[in-house]
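Enquirer: only the shape, not the letters, is given here:
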């Protein structure tokens, strides 16, 4: 019973639409009506500003971490912490508090990895920020980081680097998270192809997107 309760709590924790609620409470704006219409970190930065974006990113990240740590905090055994983290990502992406809409799962997925293997997250963040500087797009950086995660789970255990050994469940969870992230960015990928994707105000913009 406790496992079931914690799974539900993990989903509900992940389902908290921080961007949506911050926009409505403090800015009188519904993020669904602005920008990409998404309630995640990127659209929050774009529409509500840096402070709101940082707050929402931090919350979305840590709710994934907290969900992953719930079984540890409550001394629950028999089910991997990764499953609880995955429930938070599902909650974030399909929120019961937002008509089953949600974010693109990047920050919350990062929180899950932070709770399970922090060094792997450091590797992904390095990839993310390098791509962000080169191409000036959060969407592309997120997709490339997701692909880098797939490469990492395949290669790193062979060398005992970051991941000491192959972990089937961790690999499966990373594959699921990467698929969710890439799928949720399908419209961004189309805009990137058409050179119309939104840019951050720094970096080299090597793909020559049209600045808005």
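Expert: Sure, I can see it. What you see is a predicted model, and the numbers here were worked out from it, not measured in a lab.

Enquirer: which residues touch stretch 117-126?
Expert: Stretch 117-126 is contacted from outside by 110, 113, 114, 145, 148, 149, 152, 156, 162, 163, 170, using C-beta atoms under 8 Å, 6 or more residues apart in numbering. From N, CA and C alone the C-beta is placed, and that goes for glycine too.

Enquirer: wait, the third one touches residue 60, no?
Expert: No. At 11.7 Å, residue 114 does not count as touching residue 60 under the criterion of C-beta atoms under 8 Å.

Enquirer: list the backbone torsions phi and psi for residue 102.
Expert: Note on residue 102: backbone dihedrals following degrees, to the nearest 10 are phi 170, psi -170.

Enquirer: so what's it up against?
Expert: 15, 17, 39, 40, 91, 92, 93, 94, 95.

Enquirer: buried set for the lowest-mean-pLDDT helix or strand in the chain?
Expert: In the chain, the helix or strand scored least confidently by mean pLDDT, DSSP states H and E is helix 41-48, which has a mean of 90. For helix 41-48, the neighbour count (16 or more other C-beta atoms under 10 Å) marks 41, 42, 43, 44, 45, 46, 47, 48 as buried.

Enquirer: how much space between the fifth one and residue 154?
Expert: Distance, residue 45 to residue 154, by C-beta to C-beta, to the nearest Å: 32 Å.

Enquirer: before we move on, what about the first one?
Expert: When distance is defined by C-beta to C-beta, residue 41 is 28 Å away from residue 154.
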